[in-house]
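> A predicted structure for the sequence below; I have some questions about it.
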Amino acid sequence: MNRLLLLATGGTIAGCAADSATSNYYTAGVLGGDALLAAVPQLQDLATISVEQIANVDSADLLFAHWRALVGRIRDAFAADPELAGVVITHGTNTLEETAWLLQLLIDDPRPVVLVGAMRPATALSADGPLNLLHAVQVALSHEARGHGVLVVMDGQVHAAQRVTKLATQGVGAFASPDSGPLGWVDDVGIHLTSVSGPRQVPFAYFDLPEQWPEVPIVYGCVDPEPLLLSTCLTSRVAGLVFTGTGAGQLSVGECRVLEAWAGPRPLMLRANRCGSGPVHRHAEDERLGLLPAGSLNPQKARVLLLLAVLAGWDRNQLDALITASP
Ligand code: ASP
């Protein structure tokens with residue numbers, strides 16, 4: 001029998017509401033991982049699954065300490081058990097893509113690591129969690145998923161960690177990979193990966209996460225922005241900053257002036273965009289302003305990369321080289 005590790009962290013997939021017609025008002029992170037497993041008896045025929053509870057929270061309340069525990073546990077489990085087929089992580093959907101991307105940058109193993117959540121609580125009529133969990137286990141056990149990095153399975157689709165994002169507040173099909181589409185899908189016939197994931201880079205494979213993490217805020221561009229936000233970040237000496245620019249990652253004149261005028265040490269700064277898809281390319285002004293384009297990373301994923309780069313003591317050139325080399 002295949003062996004699988006299920007790491008439970010909470011979210012709507014483990015959420016409970018007062019009645020089954022309610023799918024908006026509920027408490028996330030109530031049921032334990034064992035209960036999620038018990039709701040899908042078919043899993044018993046697929047694998048021997050050991051369950052560990054890393055947290056039981058709404059994913060908006062995940063902390064860096066949870067990320068550290070998750071990374072440590074996955075690395076240890078893979079190192080200790082060569083026969084372990086893969087790891088499934090149950091997770092709230094709101095920040096699922098951030099955890100997936102973090103793991104993609106830190107876990108260097110061809111065995112699948114699959115994140116899964118649900119848009120409806122476990123108590124809801126037509127709850128999507130049980131089928132999503134069955135699909136996630138199928139994918140984690142499959143040969144096809146090996147070597148594709150960290151995957152997200154939702155609503156029968158299989159997504160790559162780098163591309164996937166939550167695009168909608170409602171509906172079981174809330175996840176998409178805007179620029180590339182999903183890697184493929186999973187159903188009762190099998191796993192069908194129609195796209196190949198790009199060459200895998202695990203730049204922080206040997207990096208041990210510390211207890212203390214730096215401040216890396218995200219500043220959001222809009223009409224008539226308040227430049228004080230940006231200057232406050234600089235004067236409070238944040239270690240890194242993601243600027244979510246309008247269009248292809250543009251800053252207003254006022255924001256450019258704040259950066260020009262800043263005489264202190266510059267944090268590592270990435271320029272992402274608020275459009276939801278499409279890349280941010282290099283701009284002639286980037287060098288002078290101390291910015292780097294975030295490429296295809298959305299702002300929240302750019303922040304994850306920046307956090308790790310700051311923790312690992314990277315400089316601008318190292319960060320630039322990684323983003324430039326990313327497919
Ligand atoms: N608030 C929930 C969470 O992210 C939403 C969900 O899981 O769908 O934990």
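Happy to help now that I have it.
> Can you pull the residues of the stretch 51-200 of the chain lying near the ligand?
Within the stretch 51-200 of the chain, the residues that sit near the ligand (C-beta under 6 Å from any ligand atom) are 58, 59, 60, 92, 93, 94, 117, 119. From N, CA and C alone the C-beta is placed, and that goes for glycine too.
> mind running it again at 8 Å?
Within the stretch 51-200 of the chain, the positions adjacent to the ligand are 57-61, 91-96, 117-119, 174 by C-beta under 8 Å from any ligand atom.
> A helix includes residue 98, no?
Yes: the assignment for residue 98 is a helix, going by DSSP: H, G, I helix; E, B strand; the rest coil.
> ok, so what distance separates it from the ligand?
11 Å (C-beta to the nearest ligand atom, to the nearest Å).
> mind listing what the residue of the chain found nearest the ligand touches?
Taking C-beta to the nearest ligand atom, the ligand has its nearest neighbour within the chain at residue 92, 2.0 Å off. Neighbour list for residue 92: 9-13, 28-29, 57-60, 62, 117 [criterion: C-beta atoms under 8 Å, 6 or more residues apart in numbering].
> which of those count as buried?
Those of the contacts of residue 92 that meet the buried threshold are 9, 10, 11, 12, 13, 28, 29, 57, 58, 59, 62, 117, by 16 or more other C-beta atoms under 10 Å.
> what about stretch 10-26, start to end distance?
13 Å (C-alpha to C-alpha, to the nearest Å).
> Ok, stretch 287-306 next?
So stretch 287-306: terminal residues 17 Å apart, C-alpha to C-alpha.
> what's the offset of the helix or strand hosting residue 318 from the middle of its chain?
According to DSSP states H and E, residue 318 maps onto helix 316-325. Between the centre of helix 316-325 and the centre of its host chain there is 20 Å, according to C-alpha atoms, centre = their mean, to the nearest Å.
> which parts of that helix are buried?
Per 16+ other C-beta under 10 Å, helix 316-325 contains these buried residues: 316, 319, 320, 322, 323.
> where exactly do the helices run in this structure?
Remark: helices assigned in the chain by DSSP state H are 33-38, 64-80, 96-106, 129-141, 227-235, 253-261, 286-289, 299-311, 316-325.
> Save these as a markdown table, and put in mean pLDDT too.
Shown next, in a markdown table, are these (pLDDT from 0 to 100):
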| stretch | mean pLDDT |
| --- | --- |
| helix 33-38 | 98 |
| helix 64-80 | 98 |
| helix 96-106 | 98 |
| helix 129-141 | 98 |
| helix 227-235 | 95 |
| helix 253-261 | 96 |
| helix 286-289 | 95 |
| helix 299-311 | 98 |
| helix 316-325 | 93 |
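> can I get those in JSON lines with distance to residue 19?
Below are those laid out as JSON lines (distance: least, C-beta to C-beta, whole Å):
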{"stretch": "helix 33-38", "distance to residue 19": "18"}
{"stretch": "helix 64-80", "distance to residue 19": "30"}
{"stretch": "helix 96-106", "distance to residue 19": "26"}
{"stretch": "helix 129-141", "distance to residue 19": "17"}
{"stretch": "helix 227-235", "distance to residue 19": "42"}
{"stretch": "helix 253-261", "distance to residue 19": "48"}
{"stretch": "helix 286-289", "distance to residue 19": "53"}
{"stretch": "helix 299-311", "distance to residue 19": "33"}
{"stretch": "helix 316-325", "distance to residue 19": "47"}
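> Which one of those lies nearest to residue 242?
For the helices of the chain, the distance to residue 242 is smallest for helix 299-311, at 4.7 Å, taking C-beta to C-beta.
> Next, the angle helix 316-325 makes with that closest one.
140 degrees (axes from the mean of the first three to the mean of the last three C-alpha atoms, to 10 degrees).
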